Every structure is written in structure tokens, then in C-alpha cells.
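**Student:** need the 3D shape of this:
(one chain, ligands or ions: 1)
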Amino acid sequence: DFFPEELRRCLRSLFRRLLTRLDPETTIIIHEYDGSTVDELHNAAEVYLGHHCVADAATVRLFMDRGSSRPIALLLPDCHTTNDTFRGIPLRWSSDIGRSSTKASKKQRHLKLSFPRQHRHVVSSFYMPHILKEAESICLMTRERRLYTNTHANDDYRFWCPAPFAHPSNLDTLAIDPTLRDDIRADLLRFVGRQDYYARVGRRWKRSYLLYGPPGTGKTSLVAAIANFLEFDVFHIDLTAVDSNLELHRLLDSTTPGSVIVVEDIDCSLDLGDRMEETEYDGAEGTTILSCVLDFMDGLWTSSEEEAISLSGVLNFVDGLWSSSVGERLMIFTTNHPERLDPALLRPGRMDRQIHLSYCQPAAFRVLARNYLEVGEEHELMAEVDALLKEVNMTPAEIAEIFMGCDGDGTGADAAMQKVVDELRRRRLKEAVSPDDDGQLSGE
Ligand SMILES: Nc1ncnc2c1ncn2[C@@H]1O[C@H](COP(=O)(O)OP(=O)(O)OP(=O)(O)O)[C@@H](O)[C@H]1O
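**Tutor:** Purely as a prediction, here's the structure:
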């Protein structure tokens, strides 16, 4: 009582700091059971750790819950430790097993979370809710996991995530111009090797590609080849099945580092271009809703994420503004109609690279002939195919289809080459008769 208030405050603060120095860590214990009921927080923490922290652990526990929508879960084994960080705070999780206070005969698991004492408020007020939210979206994602097939047979999938990625396409079997192939390979290697560079220039470690071209020119095959080349997981997102911006946000957040996020046929997914034109913003001359969206993107995400999915939602998604996750992400969008896309989606920085995949050219044809028929430069029909491909359009898919229909022996290869020549000649003739009709494929 003899000390003035300022001095008392100062002493209290010094005393607190001293205590923190003496015992710098706080530990939170989360039991598996609270009495006889399962503790939801324990469940959520297990799901969260399985998804974000223990994937690289030397030892993991696999758990299968009969009848659950989560067939196999990745868990932290008993008496193991793993680390996490949140807002720069180092957090150590360990799993332990001990005697339950209520079920005396049974041992019960618990998770221990240790962190520097001074971050107690952040951990309880922000990290714990973050875990619950993350666990919820991971479960949502797992429920909606569908096997993605190249034929698109199952159209109700939302996306496909790290199950075994077994598409055989690779950059060497892809029939594209060799210069383009080398360029894509170099670009990908530069991207994955530049973690420090992205951090230094203050950008998220992500890159976006737009693959465009007529159907059957290898857009999907290139996506698979890129994923195989980088050994990345593939997340396939069907925007038409995503109901709200919030859901899109969650999907993005549940992707893991080292993944390719694919949105196919972006022009069909959302009528973005039309939506932009319809909603002219009645402000100053030349100001459209587009400029508002772009202004908004330079700031922070403030609008209601519960809204039905919108252009701004997709733009945020592309810019990675929503993602609180770290690690490298490659986003690939495909379209048959790039002219239908809003320029806002295509501007540099948002779409880093546009890759045109077109009808088969001589160099690409050689790759197909070598792969499918083991036929090389020396084949007698090669020169004629080269000349015809310069005049008429045929996609790699159409050529591959003809090759697949022939036997793989020597006579089969000759017959396949002849069939391609016949088809090209037929198309050239057809074009000569009706020059407006550019064969089976039109409207690139
Ligand atoms: N450039 C290519 N190199 C090798 N094979 C190709 C190529 N383009 C197409 N194909 C073959 O054709 C099939 C269809 O190709 P793909 O699905 O990659 O085309 P796409 O451009 O994605 O078509 P869409 O626009 O209709 O989705 C593939 O399974 C592959 O066998």
C-alpha cells in the first residue's frame, strides 16, 4: 500500500515475466473421453494432426472406423510427438496413454499440446477454433471424395484428392511440340525450386496455368503428366458442384503442400464472363463491377463467404487470398474457349502462364507414331503425313484412336499409318468442297 500504483504495476509485470522465464511452457491436455462420452476436441485434433502434421512422421497409426465415412485415418501413434506452427508460434503435440479417472480399468489416450506460456491466449482463442474448423472441412472433404476418372464417367464428384494417383501420362509420352515440352519442364523445375525466392518477394508459393485448345489435344493428359513429373497430389475441383464461396474456401484450405489443383472446363463451370457483363456498376465512367472486384482483391477478404459462388470467389481462389496454408500449389485451369473467359481471370499474376495445345503437328505426330506403333522418321508415309497435317486439322486424340484400333505388329503399323493418311486426305477433300467447315472440330 505504500508503493505508488505505477510501481506496483511494474513489479507485477516483472514478477509475471520472471514466472514465465522459470516455467516457460504451458501444456494443455485433451482426453479421448470426457466421462463416458468421446471428447469432440480430441477427435478434431486427431483429424487435424493426421492431415497437417503426421503425414511426414516416421511412424503413423492407421485407424479404420467400421461404417464411418472416413475409411482410414492417419493418426499419431501413442507416445509420439509431432510439431505444428500457428501464427509463428511453435506447438508441440504428443500422444500419451494413461489411466482414466472414470473408467478405472481402462487406459485412455490423451493428447498433450505444449507451447510457450505467453501465447496461451492465442492458442485457446484462435488455435483451438482453427483446429475445429480445419477438422470439419477435412471431414467434409473426405465424405465427398470421389475417384476421378479420365472419362468423367462419374460427374457428381467434387474433387479427387490424394488417393493413389495412377495416371500413366508423362511429359515424354505427350504428343506436343518438343520446345513447348522443354519449356514447361523448365518452368515447373524453376517453380518448385524457388521457395525462398517467393518468400523474399512476398508472394505465395503458387503458380497458375491455363491450358486451352480444342477437345482432344491433351489438356487432361498434360495435367496428369505435370502431376507425375512433380510427384504432386491432384485435387480436382468441379466448381459447378461447389455451392458457396465458403465451400470453395474450405476446399482450397484442405489441399496439401505439393499439390496440383485442377479446375477443368472453367468456361463451363461458371458463366463468369456473362455475369460480369450483366452487372454493370453504376459508378464513374468506365467503372464496372469488375474493377470493384479487383479493388477488393487488393485488400482483404471481407464479403460474406456464405454467398453463392461468384466471380470474386473464384478470383480470390486463384489469387490464394483465402488460403491460410503454406507450401507449393500449382493451379491448372483448362478450357476449350479461352475467349469466353473474363480478362480479370487471365491477367498476369493471376494466370501466370497460358499454354495453347492445338491440333497435331509433325513433331507431335512423331511422338504418337513412336509410342503407339514404334514407327520412326524412316516410314514411307511420314513425309505425306507431315504435308497433310500442315493443311488439315486432326487432334492427337483422333490419331491415337486410329493407332489404338490397329495391331501393334509391322503390318498393323503400316495399316495404321495408311488409315491416318486416308483420314487426312478425306478431310482435305471435304474442306475443299465446303471451305467454311473445318472438319469434325470447329470453333477453337
Ligand atoms: N497431346 C497428346 N499426347 C498424347 N495423347 C493424347 C494427346 N492429346 C490427346 N491424347 C489422347 O487422347 C485422349 C484424350 O485426351 P485429353 O483428355 O487429354 O484431351 P483434352 O484436351 O483434355 O480433351 P477435353 O477438352 O475434351 O477434355 C487421351 O487419353 C490421350 O490418350
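
**Student:** chain center to the one helix or strand T334 maps to: distance?
**Tutor:** T334 belongs to strand 329-335 when assigned by DSSP states H and E. Offset of strand 329-335 from its chain centre (Cα atoms, centre = their mean, to the nearest Å): 8 Å.

**Student:** then stretch 3-13?
**Tutor:** 54 Å.

**Student:** can you check stretch 330-346 too?
**Tutor:** Taking Cα atoms, centre = their mean, the mean C-alpha location of stretch 330-346 is offset from the chain mean by 16 Å.

**Student:** can you point out the buried residues in that stretch?
**Tutor:** L330, M331, I332, F333, T334, T335, N336, P338, L341, D342, A344, L345 (16 or more other Cβ atoms under 10 Å). Just so you know, the C-beta spots here come from the backbone N, C-alpha and C atoms, and that holds for glycine as well.

**Student:** show me the contacts for the residue lying closest to S358 once chain neighbours are set aside.
**Tutor:** Leaving out its chain neighbours, the residue that sits closest to S358 by Cβ to Cβ, 6 or more residues apart in numbering is G213, at 5.3 Å. Shown in contact with G213 (Cβ atoms under 8 Å, 6 or more residues apart in numbering): K219, N336, H356, L357, S358, E444.

**Student:** what number of residues lie near the first one?
**Tutor:** Put plainly, it is K219. 23 (other Cβ atoms under 10 Å).

**Student:** which positions within stretch 359-370 qualify as buried?
**Tutor:** For stretch 359-370, by 16+ other Cβ under 10 Å, it's Y359, C360, A363, A364, F365, R366, V367, L368, A369.

**Student:** nearest to E401, of the residues you listed?
**Tutor:** L368 (10.6 Å; Cβ to Cβ).

**Student:** correct me, but that closest one touches P396?
**Tutor:** Yes: using Cβ atoms under 8 Å, L368 is in contact with P396, at 6.2 Å.

**Student:** got the domain boundaries for the chain?
**Tutor:** Residue ranges for the domains of the chain, per automatic domain parsing: 13-143, 178-356, 362-433.

**Student:** got those domains as TSV, with distance to P4 columns?
**Tutor:** Listed next are those as TSV, based on distance: least, Cβ to Cβ, whole Å:
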stretch	distance to P4
domain 13-143	15
domain 178-356	43
domain 362-433	84
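
**Student:** mean pLDDT for the ones you listed: which is lowest?
**Tutor:** Here the domains of the chain differ in mean pLDDT, and the lowest is domain 178-356 at a mean of 74.

**Student:** which residues touch the residue in the chain positioned nearest to the ligand?
**Tutor:** Relative to the ligand, the nearest point of the chain is G218 (2.7 Å; Cβ to the nearest ligand atom). Each residue near G218 by Cβ under 8 Å, 6+ apart is listed here: L174, A175, I176, L357, P396, A397.

**Student:** how about the secondary structure of the residue lying closest to the last one once chain neighbours are set aside?
**Tutor:** Closest residue in space to A397, ignoring its immediate chain neighbours: G216 at 3.0 Å, by Cβ to Cβ, 6+ apart. Look at G216: counting by DSSP: H, G, I helix; E, B strand; the rest coil, its state is coil.

**Student:** burial count for G216?
**Tutor:** So G216, with other Cβ under 10 Å, has 22 neighbours.

**Student:** now do the phi/psi pair for it.
**Tutor:** phi 80, psi 20 (degrees, to the nearest 10).

**Student:** in TSV, list the contacts of G218 along with secondary structure.
**Tutor:** Shown next, in TSV, are the contacts of G218 (three-state DSSP):
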residue	secondary structure
L174	coil
A175	coil
I176	coil
L357	coil
P396	helix
A397	helix
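
**Student:** contacts with the ligand among those, please.
**Tutor:** The subset of those lying close to the ligand, counting by Cβ under 6 Å from any ligand atom, consists of L174, A175, I176, P396, A397.

**Student:** which of the residues you listed lies closest to V60?
**Tutor:** L174 (34.9 Å).

**Student:** give me the distance between the closest one and A364.
**Tutor:** Noted for L174: a distance of 8 Å to A364, by Cβ to Cβ, to the nearest Å.

**Student:** pretty sure L252 is touching I261, no?
**Tutor:** Yes: with contact defined as Cβ under 8 Å, L252 reaches I261; the gap is 7.3 Å.

**Student:** helix or strand: which one has I29?
**Tutor:** strand 25-31.

**Student:** typed the wrong thing, it's L74
**Tutor:** Using DSSP H and E, the element containing L74 is strand 73-75.

**Student:** for the next helix or strand after that strand, the distance to its chain's centre please.
**Tutor:** Using DSSP H and E, the helix or strand that follows strand 73-75 in sequence is strand 81-86. Chain-centre distance of strand 81-86: 23 Å, with Cα atoms, centre = their mean.

**Student:** just the buried residues of stretch 330-346 that are near the ligand?
**Tutor:** N336.

**Student:** including distance to V192, could the buried residues of stretch 330-346 go into CSV?
**Tutor:** Shown next, in CSV, are the buried residues of stretch 330-346 (distance: Cβ to Cβ, whole Å):
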residue, distance to V192
L330, 9
M331, 14
I332, 15
F333, 19
T334, 21
T335, 25
N336, 28
P338, 26
L341, 27
D342, 29
A344, 27
L345, 24
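
**Student:** so Q354 sits right up against Y212, yeah?
**Tutor:** Yes: counting by Cβ under 8 Å, Q354 does reach Y212; the two are 6.7 Å apart.
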